[in-house]
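Visitor: sequence first, predicted model second:
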Amino acid sequence: MLSCQAQAATAVKLLSPVSAANTAAATSSWTDVRAAEGDLVFVCEAGAITGGIVWTIEHASDSGGTGGTGITPNDGAFAAVTANTVQKRSVRADAVQGWVRVVGTITTGPVLVSASVVYHPKYA
C-alpha cells in the first residue's frame, strides 16, 4: 500500500472488543461500504479463547441484511483461530452488494474478539 493510500483509508469498527459466549455476540451489525473502491480489508482479532470461533464475511443489499449471503475472500477462508492472533482477509469492493458484516461462529465460548474493515473511499 502506498503511503497516500494508507493516509486516505477509512477504518470502520465492525465489532467492538467483546467476550463473546455465543455467535450472536460475535456477529457485527451490517455496515455500509458503498463508498469503497478497490479492496475491503477485514481485520479480525482474537484474544483469550476458551473454546473456538470461525470467522466468515457476509454481504447484503441493505442495512437490514436483505439478500445476505457469505462471500469468499480474495485470499481464501479464514484460518483456524488461535488465541492472541490477528487475521486479515480482503474482498473486492465491487463484489459486495453494498453492506457487509463479520460473523464469528462460536463453537464453544467465551472468546475475546474484535473486528474492523479498512477501505479506500471513492474519489468524488
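Guide: Thanks, I have the structure now. Residues are numbered from 1 along each chain as shown.
Visitor: select the longest strand from this protein.
Guide: With DSSP state E applied, the strand covering the greatest number of residues in the chain is identified as strand 36-49.
Visitor: any idea how far that strand is from the chain center?
Guide: 5 Å (Cα atoms, centre = their mean, to the nearest Å).
Visitor: can you get me a residue count around residue 53?
Guide: Other residues within reach of residue 53 by the criterion other Cβ atoms under 10 Å amount to 24. Just so you know, the C-beta spots here come from the backbone N, C-alpha and C atoms, and that holds for glycine as well.
Visitor: now it: how far from residue 118?
Guide: Summarising the geometry, the distance separating residue 53 from residue 118, computed by Cβ to Cβ, to the nearest Å, is 21 Å.
Visitor: now the helices for this protein?
Guide: Assigned helices in the chain, in chain order: 3-8 (criterion: DSSP state H).
Visitor: who is the closest residue to residue 76 other than its chain neighbours paired with across the strands?
Guide: In space, residue 76 comes closest to residue 89 once its chain neighbours are excluded; the distance is 7.7 Å by Cβ to Cβ, 6 or more residues apart in numbering. Beta-bridge pairing of residue 89 under DSSP bridges involves residue 42.
Visitor: residue 89 reaches residue 57, doesn't it?
Guide: Yes - between residue 89 and residue 57 a contact is recorded at 6.8 Å, counting by Cβ atoms under 8 Å.
Visitor: intersection of neighbour lists for these two?
Guide: A shared contact of residue 89 and residue 57, defined by Cβ atoms under 8 Å, 6 or more residues apart in numbering, is any residue touching both; here these are 42, 73.
Visitor: these two touch, right, residue 35 and residue 120?
Guide: No - with the criterion set as Cβ under 8 Å, residue 35 and residue 120 do not qualify as a contacting pair; they are 9.5 Å apart.
Visitor: thanks a lot, see you next time.
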